[in-house]
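K.L.:
output the structure for:
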Amino acid sequence: MKNGQSTRKTSNRREATATKDDSVLSHYWHPVAWSRDLGDKPLPVKLLDHSVVLWRWENSVAAFHDLCIHRGTPLSLGWIDNGRIVCAYHGWQYGADGLCKHIPSLPVKGAIPNKARAKVYQAVEKYGLVWVCLNTPVADIPEFPEEIHDPSYRWDVYSSHGQWKANAARMIENLLDFSHFAWVHPGILGDSTNAMCEPREFVKVPQGFHYEIIQPVNRLKADSAAIQRFTVILPLTLFIERRQPGGPEKQTNIYLCSPISDKETKYFRLSGRNYRDALSDEELNEKHRTIFEQDRVIVEAQRPEELPLDLAEELHLRGPDTAGLEYRRALQKMGIRWSH
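P.N.:
Residues are numbered from 1 along each chain as shown. Prediction:
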């Protein structure tokens, strides 16, 4: 992805590197792993076509470009020793600041070259996730809905993650698109006999917007429609909150789409509710897996693979497509461009 703003005349190789490292999305925080998955060994991940290695030191997390500068070996093949990450090839040891602290093959008084350092990315832990920013951040990590701290909500059993061969923005648009419910998720989220979508009112919020819909399929209370609020936090976060009219029951879903590349995405879903459902936890999780698999088949098949930000590329309808249009305009205004 690139911002398309540069007018510098450089070689093709340098230009490709500059746009890759300087993309708009590289200035945002992205979740790359659950904190629980980062133990006493280096963990390799991918973000925006970058190979990243995560590792723990003391009570913090570090993120490096996954490459030893000596002979190009991935640092993720190594191990952690006394607060340093060690390259598996020649034993070079790097501190959390990226500087090489020890080269075993050097004589005792041999000076470590100044160039002997790893490329360091910013990394923090929040909400049980490891977040990485490849460049100077222009925004904070999105603040999750207040329910994330509410002890009446159960979050531990309903959260999940996965990977799609799809553009991250395509995934977000699919999640906020309610007009496909009747056709892709009939009987679960939608009803083909009640497929009309009225125009919605969009409200600006910090870093995004939200809107509400009436959800005709309500398994909890079949005689009344539920209300769903969609909150988009730019660029790649979506909250979906479902509440019951006249009742305290509420479910909150947090979707985080982390771009491995323009055409591949790792997603994290945090889901919580403040009530016990008639279905078991496993039945609820299986229902969600069914919904996401129905979506995956569609989204992975969409063309072009990257979400079109030129609104003239596709046909749009006022009402059913308004949420997608709002999202696409917002990404376009941010200066996001795909890499090809």
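K.L.:
CA atoms for contacts and neighbours, from now on please.
P.N.:
Fine.
K.L.:
return the set of buried residues in stretch 76-92.
P.N.:
Neighbour-count burial for stretch 76-92 flags Ser76, Leu77, Gly78, Trp79, Ile80, Arg84, Ile85, Val86, Cys87, Ala88, Trp92 (criterion: 16 or more other C-alpha atoms under 10 Å).
K.L.:
stretch 311-328 too?
P.N.:
Neighbour-count burial for stretch 311-328 flags Gly319, Pro320, Asp321, Thr322, Ala323, Gly324, Leu325, Tyr327, Arg328 (criterion: 16+ other C-alpha under 10 Å).
K.L.:
pLDDT, distance to Cys68 and secondary structure for those residues - can I get that in TSV?
P.N.:
TSV is the format used below for those (pLDDT from 0 to 100; distance: C-alpha to C-alpha, whole Å; DSSP: H, G, I helix; E, B strand; the rest coil):
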residue	pLDDT	distance to Cys68	secondary structure
Gly319	71	52	coil
Pro320	73	50	coil
Asp321	78	47	coil
Thr322	84	48	helix
Ala323	88	45	helix
Gly324	87	42	helix
Leu325	89	44	helix
Tyr327	95	39	helix
Arg328	94	39	helix
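K.L.:
between those residues, which is nearest Glu143?
P.N.:
Tyr327 (18.9 Å; C-alpha to C-alpha).
K.L.:
quick one, what contacts the closest one?
P.N.:
Counting by C-alpha atoms under 8 Å, 6 or more residues apart in numbering, Tyr327 makes contact with Glu173, Val232.
K.L.:
please redo it, this time with the cut-off set to 10 Å
P.N.:
Each residue near Tyr327 by C-alpha atoms under 10 Å, 6 or more residues apart in numbering is listed here: Ala169, Ile172, Glu173, Leu176, Gly208, Phe209, Val232, Ile233, Leu234, Pro235, Leu309, Lys333.
K.L.:
any low-confidence regions in the chain?
P.N.:
Low-confidence segments of the chain (pLDDT under 70): 1-21, 180-199, 216-225, 317, 340.
K.L.:
how is it partitioned into domains?
P.N.:
12-133, 146-334 (automatic domain parsing).
K.L.:
closest to Ala139 out of the ones you listed?
P.N.:
domain 12-133 (6.3 Å).
K.L.:
dihedrals phi and psi, the closest residue to Lys250 other than its chain neighbours?
P.N.:
For Lys250, ignoring the flanking residues on the chain, the nearest one in space by C-alpha to C-alpha, 6 or more residues apart in numbering is Arg243 at 4.4 Å. Reported as degrees, to the nearest 10, the phi and psi values for Arg243 are phi -130, psi 160.
K.L.:
format the CA atom coordinates belonging to the lengthiest helix in the chain as CSV.
P.N.:
Longest helix of the chain, by residue count under DSSP state H: helix 281-301. C-alpha atoms of helix 281-301 as CSV (Å, rounded to 0.1, in the frame of the first residue of the first chain):
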residue,chain,number,x,y,z
ASP,A,281,-21.1,-22.0,24.4
GLU,A,282,-19.9,-24.5,21.8
GLU,A,283,-23.2,-24.1,19.8
LEU,A,284,-22.7,-20.3,19.8
ASN,A,285,-19.1,-20.6,18.6
GLU,A,286,-20.1,-23.1,15.9
LYS,A,287,-22.8,-20.6,14.7
HIS,A,288,-20.2,-17.9,14.4
ARG,A,289,-17.8,-20.2,12.6
THR,A,290,-20.7,-21.0,10.1
ILE,A,291,-21.4,-17.3,9.6
PHE,A,292,-17.7,-16.5,9.0
GLU,A,293,-17.2,-19.4,6.7
GLN,A,294,-20.2,-18.2,4.6
ASP,A,295,-18.6,-14.7,4.5
ARG,A,296,-15.1,-16.0,3.7
VAL,A,297,-16.3,-17.8,0.5
ILE,A,298,-17.8,-14.6,-0.8
VAL,A,299,-15.1,-12.1,0.2
GLU,A,300,-12.2,-14.3,-1.0
ALA,A,301,-13.9,-14.5,-4.4
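K.L.:
tell me where the stretch 51-200 of the chain has helices.
P.N.:
For the stretch 51-200 of the chain, the helices defined by DSSP state H, counting those that start in this stretch cover 168-176, 181-184.
K.L.:
ok and the longest one relative to helix 281-301, angle-wise?
P.N.:
For helix 168-176 and helix 281-301, the angle between their directions (axes from the mean of the first three to the mean of the last three C-alpha atoms, to 10 degrees) works out to 130 degrees.
K.L.:
could you measure from the residue of the chain positioned farthest from its centre over to Ile103?
P.N.:
Relative to the C-alpha centroid of the chain, counting by C-alpha atoms, centre = their mean, Lys109 is the outermost residue, at 46.4 Å. Relative to Ile103, Lys109 is positioned 11 Å away (C-alpha to C-alpha, to the nearest Å).
K.L.:
who's in contact with the helix or strand where Val45 lies?
P.N.:
Per DSSP states H and E, Val45 falls inside strand 43-47. Counting contacts by C-alpha under 10 Å, 6+ apart, the residues outside strand 43-47 that touch it are 26, 30-33, 37-38, 51-56, 63-66, 74-79, 132-134, 258-262, 264-266.
K.L.:
many thanks, have a good one.
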